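Participant: Dropping the sequence and predicted coords here.
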Amino acid sequence: MKALITGGAGFVGSHLAEALLSRGDEVYVLDDLSTGAIDNIDHLKAHPRFRYVIDTVMHEPVTAELIDRADVVFHLAAAVGVKLIVESPVNTIETNVHGTETVLKLANKKKKKVLIASTSEVYGKSTNVPFGEDADLVMGATSKGRWSYACSKAIDEFLALAYHKEKHLPVVIARLFNTVGPRQTGRYGMVIPNFVKQALLGHPITVFGDGSQSRCFTFVGDVVGALIGLVDHPGAEGQVFNIGNDREEISILELAKRVKARTKSKSEIQLIPYDEAYEAGFEDMPRRVPELSKIRGLIGYEPQVHLDEILDHVIAFFTSDKGRL
Ligand code: UDP
């Protein structure tokens, strides 16, 4: 199979590229390096079945040519990370909406299958856990920047489903829940790389709010296997799937303690009000747990990597040369 990965120099995209190459596929990566990094794909550049182009998905001639060459498109290029989204709302909305619009329009011309990487953020501040794919999405006010990300990804989903319904484009939507692993940077706000870096450097571990909010973390290797499984399965077309890990839900305060213990760090744990961490009026979601029966039923997905193992992978990454503390 020939696969185009938009955002292929990003954290998830680069792991996906590796997995596809290792099973014999041909991989094209398109990435503008806005949040991705060339370091993430340096080790793949010499591979005979790997090609990459540094450009944005919104540059139609380039994206059209790559889609033409590919059999399937994994559309991962997006503005991600709560910190980045709060700081750059215009870029977030434009990249996420216009980027996906461009990919779907061009893929539709050649009727190429597209997987849209969406996010558990679309469930918004719903408290109806675990979140099933058909559950209501609960967004906050438009004056609160965070929700622009959820809304932009929800629009992507609507558009993809519309292409499927109206134009019979084969699309699959994957909602990723708090994906973690080596190469994820803490720069855009993600909690585990931030906590691990802080702990290793002996800096305070910054818990936002009172730390009672909880999440379920998924290892990037589990996510990549699920993305490939969904694209390979014809029964996934036209549908939305959660990808996550329902084995362990942990509060952020407990996570800080776990990171501190596993790194044997002397860092103090510091509580920081949300207003200071992000912006005034910032709203967080109290719990986020995936309902996984749909993906289990279709492709036999089962998250394999437990939180402690995930933390060890991230700690190993940040203590290696690549992690550059
Ligand atoms: N968080 C934190 N300290 C940090 C970064 C994040 O306490 O340095 C919290 C954040 O407020 C949220 C949780 O950790 O409640 C997960 O944040 P992340 O941005 O990784 O993902 P989210 O689930 O918000 O998309």
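Facilitator: Yes, it's here. It should be emphasised that the depicted structure is a prediction, and the values quoted were computed from it without experimental measurement.
Participant: Can you show me the helices along the protein?
Facilitator: 11-22, 60-69, 82-87, 89-110, 146-167, 191-201, 220-232, 252-262, 274-277, 293-299, 307-319 (DSSP state H).
Participant: Export these to JSON lines and append columns for distance to the ligand, mean neighbour count and mean pLDDT.
Facilitator: For every residue, glycine as well, the C-beta is placed using N, CA and C. Shown next, in JSON lines, are these (distance: least, Cβ to the nearest ligand atom, whole Å; neighbours: other Cβ atoms under 10 Å; pLDDT from 0 to 100):
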{"stretch": "helix 11-22", "distance to the ligand": "12", "mean neighbour count": "22", "mean pLDDT": "98"}
{"stretch": "helix 60-69", "distance to the ligand": "27", "mean neighbour count": "17", "mean pLDDT": "98"}
{"stretch": "helix 82-87", "distance to the ligand": "4", "mean neighbour count": "19", "mean pLDDT": "82"}
{"stretch": "helix 89-110", "distance to the ligand": "13", "mean neighbour count": "19", "mean pLDDT": "95"}
{"stretch": "helix 146-167", "distance to the ligand": "9", "mean neighbour count": "19", "mean pLDDT": "95"}
{"stretch": "helix 191-201", "distance to the ligand": "4", "mean neighbour count": "22", "mean pLDDT": "97"}
{"stretch": "helix 220-232", "distance to the ligand": "14", "mean neighbour count": "21", "mean pLDDT": "98"}
{"stretch": "helix 252-262", "distance to the ligand": "5", "mean neighbour count": "18", "mean pLDDT": "98"}
{"stretch": "helix 274-277", "distance to the ligand": "7", "mean neighbour count": "14", "mean pLDDT": "91"}
{"stretch": "helix 293-299", "distance to the ligand": "20", "mean neighbour count": "16", "mean pLDDT": "98"}
{"stretch": "helix 307-319", "distance to the ligand": "12", "mean neighbour count": "17", "mean pLDDT": "97"}
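Participant: Can I get those in a markdown table including distance to residue 2?
Facilitator: Conversion of those to a markdown table gives the following (distance: least, Cβ to Cβ, whole Å):
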| stretch | distance to residue 2 |
| --- | --- |
| helix 11-22 | 10 |
| helix 60-69 | 6 |
| helix 82-87 | 31 |
| helix 89-110 | 12 |
| helix 146-167 | 21 |
| helix 191-201 | 32 |
| helix 220-232 | 12 |
| helix 252-262 | 39 |
| helix 274-277 | 43 |
| helix 293-299 | 21 |
| helix 307-319 | 30 |
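Participant: of all those, which lies closest to residue 3?
Facilitator: helix 11-22 (5.3 Å; Cβ to Cβ).
Participant: wait, residue 51 sits on residue 29?
Facilitator: Yes - counting by Cβ atoms under 8 Å, residue 29 is a contact partner of residue 51 at 7.2 Å.
Participant: The two: which has the busier surroundings?
Facilitator: Taking neighbours as other Cβ atoms under 10 Å, residue 51 and residue 29 compare with residue 29 leading, 29 against 17.
Participant: Enumerate every residue touching the more buried one.
Facilitator: 4, 5, 8, 9, 13, 17, 41, 50, 51, 52, 53 (Cβ atoms under 8 Å, 6 or more residues apart in numbering).
Participant: For residue 213, see how far away the nearest residue in space to residue 185 that is not next to it in sequence is.
Facilitator: Computed as Cβ to Cβ, 6 or more residues apart in numbering, the closest residue to residue 185 that is not its neighbour in sequence is residue 193, at 6.0 Å. Here residue 193 is placed at a distance of 18 Å from residue 213 (Cβ to Cβ, to the nearest Å).
Participant: Kindly report the same for residue 9.
Facilitator: Taken as Cβ to Cβ, the span from residue 9 to residue 213 is 31 Å.
Participant: which one of these two has more residues nearby?
Facilitator: residue 9 (28 against 17).
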